[in-house]
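Enquirer: Coordinates for the following, if possible.
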Amino acid sequence: MPDAIFHFPPNFRWGVATAAHQIEGNNTNNQWWAWEQQEGRIKQGGKSGLACDVWQHPEVDFDRAAAMGLNAMRLSVEWSRIEVAPGRIDTAALDRYRAMLKALRERGIEPMVTLHHFSDPIWLADEGGWLNVNIIQYFTRYVEQVVRALGEYTNLWCTINEPNVYAYQGYMAGVFPPGKQDSRMAFAVIRAMLQAHAAAYRRIHRLQENAQVGLAHNLRFFDPARPRNLLDRLAAWVRDLGFNQTTLRAVWDGWWLPPMGFGPALPLRHTLDWFGLNYYTRDLVHFDRSARADFFAQTMHDPQAEPLDGNYGELYPQGMFRALKHLARMGIPIYVTENGIPDADDDQRPRALLLHLREVWRALQDNVPVQGYYHWTLTDNFEWAEGWTLPFGLIELDPQTQARIPRPSADLYGAIAQGNAITPEMLDAYAPELRKVLLPG
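Expert: Prediction:
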């Protein structure tokens, strides 16, 4: 049979995803900056510091994205820069974000703006953060200011990034601020975030008639380590319920599931114009009677799978297809709002990129309405509790000198975006071992 070419739909969005605190630099007014100053909080004592210096020099990376042929970028705005104290808005910060979005538009890049990506103003953290009884009012007040200021340059809004990860890492694992280990708090935070999402969804639509509003969810599969073992299957189901289904059922079906609650959540029902999938890897779940504090389960990775750098899990690209098919039941457009791997020497990333995109292509052939793919990320950045130890960038960054060196995967991704396809020549150049896998016959 002749060599196949994996074509993507016309107007498919090829982008990269970023987050304000991870790239802007000197975000000194949020809870993450304060957290970084505490000894032992960040791996190897890392600090965000100047990060990628995007607040001062955004054009450096915008130009690189444009040169790669990308037509989309997901970026977040920093609440603590905009609302420096309760109700006090820094209009200069909003003007700076307007200039950034305008610069992207001038380069032919469509912005997707995330309104909350893990970082909170210190004043909010001091008032209890997402457990504050006024949080929905606070969030919608901030959202209204942003939409009024930036709506000229975008109508594509992501309200909140990964409520499940924010809550789990900060309120159960304790590795994100505020460092709690209380499952009841964690689910109360997710519930508040979803309610705030719904309120923001309605406020944005009142302000901008053509708005397209969604939410980004980290969908992580929890498969039983022993598929025929009833206890492993039960343990995997419990993990999936807490991490995935409580969020998905609330924002689509309008129904709270335990342990977040039980009963109607009608104000949340259908508060999505699109859904954002953040997909990275999966876990195998093994029932463990001794792990009472961890819901009687231990997670592991398939010993036969290819491990990812930084103890980040296993390379499991087929999970991309599974996730997209699962989300297709919603019947709304889907964006892959994050996907990538940490890989300093770039020996895995080209292969991982091609394999994951093949799964996106497969989903498209099954009529899953995938509108775009945003790779995490453009340049290496500050990776929260892991500091600078997880290099996810298509472009290598030296945070001390701000020097940028494109990795081979940057050239590959640029070629895919410019051609809107994966070709045999790309496989031969970047991952020849995949030719027989992706082009059998």
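
Enquirer: tell me the contacts of residue 98?
Expert: Each residue near residue 98 by CB atoms under 8 Å, 6 or more residues apart in numbering is listed here: 149, 150, 152, 153. C-beta coordinates here come from the backbone N, C-alpha and C atoms, glycine included.

Enquirer: change it to 6 Å
Expert: Applying CB atoms under 6 Å, 6 or more residues apart in numbering to residue 98 gives the contacts residue 150.

Enquirer: What pLDDT is listed against it?
Expert: In this model, residue 98 is scored at 98, pLDDT.

Enquirer: Could you verify my assumption that residue 276 touches residue 219?
Expert: No - between residue 276 and residue 219 there is no contact under CB atoms under 6 Å: 9.9 Å.

Enquirer: next one: phi and psi at the closest residue to residue 134 other than its chain neighbours?
Expert: Nearest residue to residue 134 in three dimensions, chain neighbours excluded: residue 127, at 7.9 Å (CB to CB, 6 or more residues apart in numbering). Main-chain dihedrals, residue 127, degrees, to the nearest 10: phi -100, psi 10.

Enquirer: what does residue 14 give?
Expert: phi -110, psi 110.

Enquirer: Bridged to it, which residues?
Expert: residue 373 (DSSP bridges).

Enquirer: residues in contact with it?
Expert: Per CB under 6 Å, 6+ apart, neighbours of residue 14: 70, 71, 417.

Enquirer: which residues are contacting the least confident helix or strand in the chain by mean pLDDT?
Expert: Using mean pLDDT, DSSP states H and E, the weakest-scoring helix or strand in the chain turns out to be strand 297-300, at a mean of 86. Outside strand 297-300, the residues within contact range by CB under 6 Å, 6+ apart are 235, 283, 284, 285, 286, 287, 288, 291.

Enquirer: 10 Å instead, please
Expert: 220, 222, 224-225, 231-232, 234-236, 238-239, 282-291, 313-314 (CB atoms under 10 Å, 6 or more residues apart in numbering).

Enquirer: where do the contact lists of residue 276 and residue 219 overlap?
Expert: Common neighbours of residue 276 and residue 219 (CB under 10 Å, 6+ apart) are 162, 327.

Enquirer: For the stretch 51-200 of the chain, just list every one of the strands.
Expert: 72-76, 83-85, 88-89, 110-114, 156-161 (DSSP state E, counting those that start in this stretch).

Enquirer: Make TSV from these and add mean pLDDT, mean neighbour count and distance to residue 167 to it.
Expert: Formatted as TSV, the strands of the stretch 51-200 of the chain follow (pLDDT from 0 to 100; neighbours: other CB atoms under 10 Å; distance: least, CB to CB, whole Å):
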stretch	mean pLDDT	mean neighbour count	distance to residue 167
strand 72-76	99	26	18
strand 83-85	98	17	22
strand 88-89	98	12	27
strand 110-114	99	23	17
strand 156-161	98	25	11
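
Enquirer: So for residue 361, which of those sits nearest?
Expert: strand 72-76 (17.5 Å; CB to CB).

Enquirer: Show me what the closest one is packed up against.
Expert: strand 13-17, helix 20-23, helix 59-68, helix 91-106, strand 110-114, strand 156-161, strand 334-338, strand 370-375 (3 or more CB pairs under 10 Å, 6 or more residues apart in numbering; DSSP states H and E).

Enquirer: Output the shortest one in CSV with nothing but the alpha carbons.
Expert: It stands for helix 20-23. Extracted in CSV, the C-alpha atoms of helix 20-23 (Å, rounded to 0.1, in the frame of the first residue of the first chain):
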residue,chain,number,x,y,z
ALA,A,20,1.4,33.3,33.6
HIS,A,21,3.3,32.5,36.7
GLN,A,22,5.4,29.9,34.9
ILE,A,23,6.6,32.3,32.2
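
Enquirer: pLDDT below threshold where in this protein?
Expert: Scanning the chain for pLDDT under 70 picks out the ranges 1-4, 292-294, 441.
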